[in-house]
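**Student:** okay, here's the prediction I keep looking at, along with the sequence it came from:
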Amino acid sequence: MQKTTLKLLENIGNLLREKGWTISVAESCTGGLIGSLLTSVPGSSDYFLGGIIAYSDKIKIGVLSISALTLRKFGAVSEEVVGEMASGIKKLIKTDVGIAVSGIAGPTGGSEKKPVGTIALGVDIPGKIITNIVHFEGERNRIREKAGIKVLEMLKKLLEEIK
């Protein structure tokens, strides 16, 4: 693991501990990578409670309580869906913070509107839900890694903003 990634993860852990908050993750295209990163830090059991790999729409709807209408209207790779995923995992596991990622890691599955490398990110912290769409280039695993790091960077920034 790169030193910058380890530092990011340690900072997130320290910020969560300072606030006394817990976190859970809902992952689609990252397939458990974010949970793996968060738990790679010693003492992460202080704040990380668990996660769901919601790869199929069936799991997004049935386990995370995502609206089927939202999925049909906006698609799985959308700010609307990852916002609901972040809130859904937070409610399901009963944590203070929920983060979610859904995307098209490729090499197939893209479209003109949502090409390979399109990733939707969501963070639900007390009082605020932040979502974003980003685009990454590269092969499948590199896109997945970039997506995981990007949502964790979003989380860190939000945690730093809250006093």
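**Tutor:** Thanks, I have the structure now.
**Student:** tell me, how many residues neighbour residue 155?
**Tutor:** Residue neighbour count, defined by other Cβ atoms under 10 Å, stands at 25 for residue 155. Where C-beta positions appear, they are placed from N, C-alpha and C, glycine not excepted.
**Student:** before we move on, what about the one 5 residues further on?
**Tutor:** Counted by other Cβ under 10 Å, the residues lying close to residue 160 total 11.
**Student:** now do the SS call for it.
**Tutor:** Under DSSP: H, G, I helix; E, B strand; the rest coil, the three-state class of residue 160 is helix.
**Student:** wait, what's in contact with the nearest residue to it once chain neighbours are set aside?
**Tutor:** For residue 160, the nearest residue in space outside its immediate sequence neighbours is residue 15; the separation is 6.7 Å by Cβ to Cβ, 6 or more residues apart in numbering. Contacts were defined as Cβ atoms under 8 Å, 6 or more residues apart in numbering; by that measure residue 15 touches 156, 159, 160.
**Student:** chain center to stretch 151-159, what's the gap?
**Tutor:** Centroid separation between stretch 151-159 and its chain, computed with Cα atoms, centre = their mean, to the nearest Å, is 10 Å.
**Student:** would you mind listing the buried residues in it?
**Tutor:** Along stretch 151-159, these residues count as buried under the neighbour rule (16 or more other Cβ atoms under 10 Å): 151, 152, 154, 155, 156, 158, 159.
**Student:** surely the second one meets residue 37?
**Tutor:** Just to be clear, that refers to residue 152. Yes: contact criterion Cβ atoms under 8 Å: residue 152 and residue 37 qualify, at 6.8 Å.
**Student:** okay, and the common contacts of the two?
**Tutor:** Counting by Cβ under 8 Å, 6+ apart, the residues touching both residue 152 and residue 37 are residue 9.
**Student:** average model confidence for the helix or strand harbouring residue 15?
**Tutor:** Taking DSSP states H and E as the criterion, the element that holds residue 15 is helix 3-19. For helix 3-19, mean pLDDT is 96.
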